[in-house]
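Visitor: Pasting a predicted model and its sequence here:
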Amino acid sequence: MTTNLIHVSVKTSYITAQSQPVEQRYVYSYTITIANQGDEPAQLISRHWRITDANEKLQEVRGTGVVGEQPVIAPGKSYTYTSGVILETETGIMEGSYQMRSESGIEFDAPIPAFALVPPHAVH
């Protein structure tokens, strides 16, 4: 199984009600859909995130599964979850990878393409 058989898409949202710009607190949610386009089930084992704010401050996050789960994604199916991140600047970028394991035991990384965290008022 190759990584291009796992497709990752992202939708972000700025959470105005939880953000406090005066305190340099900018809250975003992101909804990820992981689609298995291969011919064998694959389990998400862990994640690795690289989160960079506008000051180029990098946070790296590693952990088991996502939102407390290690889903097995059947061929032709997808798994969607929502999580969040807090930045010290109004904008930032996230990217990373999911560590996956195919049903036959092959471990591989599925890249998460870089995506921007930008509030609606900052988009031109």
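Guide: Good, I have the coordinates.
Visitor: Regarding stretch 5-21, how distant is the last residue from the first?
Guide: One end of stretch 5-21 sits 40 Å from the other (CA to CA, to the nearest Å).
Visitor: Residues contacting it, please?
Guide: If you take CB atoms under 8 Å, 6 or more residues apart in numbering as the criterion, stretch 5-21 is touched by 25-39, 42, 73, 84, 90, 98, 100, 110-113, 115-120. For the C-beta atoms, the positions are set from N, CA and C on the backbone; glycine is no exception.
Visitor: In PyMOL, select just the buried ones from these.
Guide: The buried subset of the contacts of stretch 5-21, as determined by 16 or more other CB atoms under 10 Å, is captured in PyMOL by this line:
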select buried, resi 26+27+28+30+32+34+35+36+38+42+73+90+98+100+110+112+115+117+118+119
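Visitor: From the centroid of this structure, which residue is nearest?
Guide: In the chain, the centroid-proximal residue (CA atoms, centre = their mean) is Ile32; its distance is 5.8 Å.
Visitor: Adjacent strands (with direction) for the helix or strand encompassing that residue?
Guide: Here Ile32, judged by DSSP states H and E, is contained in strand 26-36. Neighbouring strands of strand 26-36 in its sheet, by DSSP bridges, are strand 6-14 (antiparallel), strand 78-87 (antiparallel).
Visitor: Dump the ones you listed to a markdown table, plus distance to Val66 and mean pLDDT.
Guide: Putting the strands paired with strand 26-36 into a markdown table (distance: least, CB to CB, whole Å; pLDDT from 0 to 100) gives the following:
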| stretch | distance to Val66 | mean pLDDT |
| --- | --- | --- |
| strand 6-14 | 11 | 96 |
| strand 78-87 | 5 | 98 |
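Visitor: Nearest to Lys57, out of the ones you listed?
Guide: Lys57 sits nearest to strand 78-87 of all these, at 8.7 Å, using CB to CB.
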